[in-house]
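A.B. asks: Next input, structure requested:
(one chain, ligands or ions: 1)
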Amino acid sequence: MKYLDVEIRPMLDSDLPQVMEIENLCFLHPYKEKDILYELHENPVSTVLVIEYTAKSFGLKQIVGFVDYWITFDSGTICQIAVHPDIQREGVGSELMREVLNDARAKKVNTLTLEVRASNEKAINFYKKHGFYVVVTKPHYYDNGEDALYMMTEVNKNG
Ligand SMILES: CC(C)(COP(=O)(O)OP(=O)(O)OC[C@H]1O[C@@H](n2cnc3c(N)ncnc32)[C@H](O)[C@@H]1OP(=O)(O)O)[C@@H](O)C(=O)NCCC(=O)NCCS
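C.D. replies: Sure thing, here's the model as predicted:
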């Protein structure tokens, strides 16, 4: 982009306020700060990446999305992916997903899985666009009784 630098990089502690803002805007039952910090520092299998825009002329920086995923040997799970609502459907989530898929390929991961609320049509469309398919419905998976769709992609057939 002409006026913006776009960078995807590992999350830092100093990103927490902006990540929490996106978390709270995007999820019905958001993670708390301590949950994100657990993913950053204690969970041995997690990777948390942020996507940051920098306005070249001003040097202003803004985190616009993040993804938290787990890789265990040859399989991976997308735990959370979120884009600031002001900038959704502009390709930001897809940039993050491509990064996850590239990392998974580099680490010889065979399959990536995830759970998504059955009512979350935009996320389901998003995942389908990135090669995920529904394996099974998990009935009453969430606290409010909502079903989850368990989705999967074979990393090497994807892309
Ligand atoms: C799901 C999410 C990460 C997608 O990120 P995004 O940056 O908006 O997605 P993109 O712009 O890269 O869209 C890629 C594709 O996803 C699908 N999609 C995205 N937003 C959509 C919407 N509002 N309605 C229908 N399909 C949608 C489309 O297939 C889209 O491709 P297209 O624009 O060419 O039709 C974002 O909507 C989000 O943060 N949602 C809230 C958090 C959430 O539900 N996360 C997933 C559960 S963990």
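
A.B. asks: When you work out contacts or count neighbours from here on, use the C-alpha atoms and nothing else.
C.D. replies: OK.

A.B. asks: Packing partners of the longest helix anywhere in the chain?
C.D. replies: With secondary structure taken from DSSP state H, the chain has its longest helix at helix 92-106. Other elements packing on helix 92-106 under the criterion 3 or more Cα pairs under 8 Å, 6 or more residues apart in numbering; DSSP states H and E are strand 46-55, strand 60-72, strand 75-83.

A.B. asks: Show me what the residue most central in space within the chain bridges to in the sheet.
C.D. replies: Centroid-nearest residue in the chain, with Cα atoms, centre = their mean: Ile81, separated by 2.1 Å. Beta bridges link Ile81 to Val67, judged by DSSP bridges.

A.B. asks: if I look at it, how far off is Val50?
C.D. replies: 10 Å (Cα to Cα, to the nearest Å).

A.B. asks: Val134 now?
C.D. replies: As defined by Cα to Cα, Val134 lies at a distance of 27 Å from Val50.

A.B. asks: Among these two, which residue is more densely surrounded?
C.D. replies: Val50 (24 against 17; other Cα atoms under 10 Å).

A.B. asks: Extract the residue ranges of the protein that are flagged as low pLDDT.
C.D. replies: Applying pLDDT under 70 to the chain picks out residues 1, 159.

A.B. asks: one more time with 90
C.D. replies: Filtered on pLDDT under 90, the chain yields the residue ranges 1-4, 28, 56-59, 156-159.

A.B. asks: and the residue sitting furthest away from the middle of it, what are its phi and psi?
C.D. replies: Ranking residues of the chain by C-alpha distance from their mean position (Cα atoms, centre = their mean) puts Ser57 at the top, at 28.9 Å. As for Ser57, its main-chain torsions (degrees, to the nearest 10) stand at phi -70, psi -30.

A.B. asks: likewise Leu16?
C.D. replies: Dihedral angles (degrees, to the nearest 10) for Leu16: phi -50, psi -50.

A.B. asks: got the buried residues for stretch 110-125?
C.D. replies: Neighbour counts over stretch 110-125 (16 or more other Cα atoms under 10 Å) mark Asn110, Thr111, Leu112, Thr113, Leu114, Glu115, Val116, Arg117, Ala118, Ala123, Ile124 as buried.
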